[in-house]
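[1] Turn this into a structure:
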Amino acid sequence: MPAPHRVVIVAFPGVELLDITGPAEVFSVATRVSEGGSPGYSVQVATEDGAPVATSSGLRVHSDLRLDEVTGRVDTLLVSGAVAHPEGGGVRAVVDPVVTDWLRTAAPRAGRTGSVCAGAHLLAAAGLLDGRTATTHWLTAAQLAAAHPEVDVDPDPIFIRSGPVWTCAGITSGMDMALAMVAEDHGQALALATARMMVMYVKRSGGQSQFSVPLSVRAPADDRIGELRRWITEHPDADLSADALAQRLSLSTRHFSRLFAQRTGTTPAAYVESARLEAARRLLEESDAGLPQVATASGLGSLQTLHRCFQRHLGTTPAEYRRRFR
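    Numbering: from 1, shown residues only. Predicted structure coming up:
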């Protein structure tokens with residue numbers, strides 16, 4: 001049998017505990033429930049000097065090796081995240097300079113690279129998200145978009161795969177992402193068995209927007225942008241041009257585009273494309289619709305646009321995506 005899939009999770013002081021233990025537990029359970037049917041996973045934690053690190057909860061996590069000891073084959077490289085709470089209020093993602101520098105050379109050698117929660121900020125600082133669509137915790141999405149305009153930040157998805165680079169939302173979404181990695185590595189059956197053992201949804205419905213409003217300040221009574229985003233998600237095949245969307249809110253196109261970016265951290269066009277991509281993914285996963293019908297129903301329009309969108313954001317074709325995730 002082949003060697004186990006090697007996973008290395010990078011940690012540094014102040015990281016969220018579940019950013020490490022959540023994905024690690026998913027990979028561990030997948031290995032156990034496979035009952036020898038697959039090579040499973042080997043998970044290691046790496047820190048700068050190989051010493052244990054204190055997490056945001058105060059609990060300390062043991063390290064298996066130093067960063068400079070991470071050599072040889074690494075199938076999956078995950079970066080955990082941390083946030084700070086400045087005296088002036090708010091939340092800021094922490095970007096560890098040592099880990100960031102190390103990622104620039106280590107990540108390209110890994111089979112795939114991923115971040116959990118605010119770990120996306122380290123990937124971005126290392127240049128690994130340039131030209132890619134990425135997500136992070138909804139609290140720091142605007143910070144990521146402002147600091148790295150070269151990254152197409154979508155603040156809503158639970159996780160995003162852009163070629164060999166994966167990013168996910170806040171904390172527990174690292175488990176969702178890890179479960180999707182299990183499905184990619186060993187098939188949907190093992191992912192489903194793992195989810196059942198962990199009492200998880202194999203695919204969580206909805207995005208971060210279902211959590212962000214009730215967990216932050218009260219939404220204004222006239223939350224037109226939030227309502228519009230929900231409408232976009234429900235009507236991906238409608239006319240979703242900036243002009244048409246602005247007209248729905250009785251705003252000028254210029255004012256609408258500026259307001260949308262302020263509220264979401266992304267442009268209307270980028271958000272619409274991500275919503276349509278998500279609609280296409282659901283249709284491929286859950287229906288028997290042919291690719292032309294998927295292109296039409298998702299609002300992407302043509303087969304050419306459907307293929308181009310999947311290649312740009314997911315690094316695969318619609319047919320291959322359906323084969324893996326149906």
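[2] Please count neighbours and contacts with C-alpha atoms only from this point.
    Will do.
[3] The stretch 51-200 of the chain: strands as residue ranges?
    When assigned using DSSP state E, counting those that start in this stretch, the strands of the stretch 51-200 of the chain occupy the ranges 53-54, 60-61, 65-66, 76-79, 83-84, 92-93, 112-115, 133-134, 152-153, 159-162, 165-168.
[4] Please compute how far the last one lies from its chain's middle.
    Same thing as strand 165-168. Distance of strand 165-168 from its chain centroid, counting by CA atoms, centre = their mean, to the nearest Å, is 4 Å.
[5] Need the CA coordinates for that strand. CSV is fine.
    The C-alpha coordinates for strand 165-168 follow below in CSV (Å, rounded to 0.1, in the frame of the first residue of the first chain):
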residue,chain,number,x,y,z
VAL,A,165,-4.3,26.5,-3.2
TRP,A,166,-7.2,26.2,-0.8
THR,A,167,-8.5,28.9,1.6
CYS,A,168,-11.4,28.7,4.1
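[6] Tell me the helices and strands packed up against that strand.
    Here strand 165-168 is seen to pack against strand 112-115, strand 133-134, strand 159-162 when contacts are counted using 3 or more CA pairs under 8 Å, 6 or more residues apart in numbering; DSSP states H and E.
[7] Pick the most buried one from those strands.
    Most buried of the helices and strands packed on strand 165-168 by mean neighbour count (mean count of other CA atoms under 10 Å) is strand 133-134; its value is a mean of 28.
[8] List the strands paired with that one, with their directions.
    When pairs are called by DSSP bridges, strand 133-134 turns out to pair with strand 152-153 (parallel).
[9] could the helices and strands packed on strand 165-168 go into a markdown table alongside mean pLDDT and distance to residue 191?
    Listed next are the helices and strands packed on strand 165-168 as a markdown table, based on pLDDT from 0 to 100; distance: least, CA to CA, whole Å:
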| stretch | mean pLDDT | distance to residue 191 |
| --- | --- | --- |
| strand 112-115 | 98 | 18 |
| strand 133-134 | 94 | 23 |
| strand 159-162 | 92 | 16 |
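[10] could I get those strands as JSON lines with distance to residue 238?
    Putting these into JSON lines (distance: least, CA to CA, whole Å) gives the following:
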{"stretch": "strand 112-115", "distance to residue 238": "33"}
{"stretch": "strand 133-134", "distance to residue 238": "23"}
{"stretch": "strand 159-162", "distance to residue 238": "24"}
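[11] Please identify which of the ones you listed is closest to residue 47.
    For those, proximity to residue 47 was assessed by CA to CA; strand 112-115 is nearest, at 15.2 Å.
[12] chain center to that closest one: distance?
    Distance of strand 112-115 from the chain centroid (CA atoms, centre = their mean) equals 9 Å.
[13] so what secondary structure elements neighbour it?
    Other elements packing on strand 112-115 under the criterion 3+ CA pairs under 8 Å, 6+ apart are strand 76-79, strand 165-168.
[14] Pick the most buried one from these.
    For the helices and strands packed on strand 112-115, average neighbour numbers computed from mean count of other CA under 10 Å are highest in strand 165-168, which has a mean of 28.
[15] Note down every partner strand of that strand and its orientation.
    Looking at strand 165-168 with DSSP bridges, its paired strands and their directions are strand 112-115 (parallel), strand 159-162 (antiparallel).
[16] Can you lay out the ones you listed as CSV showing distance to residue 102?
    Formatted as CSV, the entries for those read as follows, by distance: least, CA to CA, whole Å:
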stretch, distance to residue 102
strand 112-115, 13
strand 159-162, 21
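[17] could I get the helices and strands packed on strand 112-115 as CSV with distance to residue 6 and mean pLDDT?
    Putting the helices and strands packed on strand 112-115 into CSV (distance: least, CA to CA, whole Å; pLDDT from 0 to 100) gives the following:
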stretch, distance to residue 6, mean pLDDT
strand 76-79, 6, 98
strand 165-168, 16, 96
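[18] Is it possible to get JSON lines of these that adds distance to residue 236?
    As requested, the helices and strands packed on strand 112-115 are exported to JSON lines (distance: least, CA to CA, whole Å):
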{"stretch": "strand 76-79", "distance to residue 236": "32"}
{"stretch": "strand 165-168", "distance to residue 236": "23"}
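[19] Let me know which of those strands is the nearest to residue 125.
    For those, proximity to residue 125 was assessed by CA to CA; strand 76-79 is nearest, at 12.4 Å.
[20] partners of that closest one, with directions?
    When DSSP bridges is applied, strand 76-79 pairs with strand 5-10 (parallel), strand 112-115 (parallel).
[21] so how far is the helix or strand harbouring residue 281 from its chain's centroid?
    Take DSSP states H and E as the rule and residue 281 turns out to sit in helix 268-286. For helix 268-286, the distance from its own C-alpha centre to the chain's C-alpha centre is 15 Å (CA atoms, centre = their mean).
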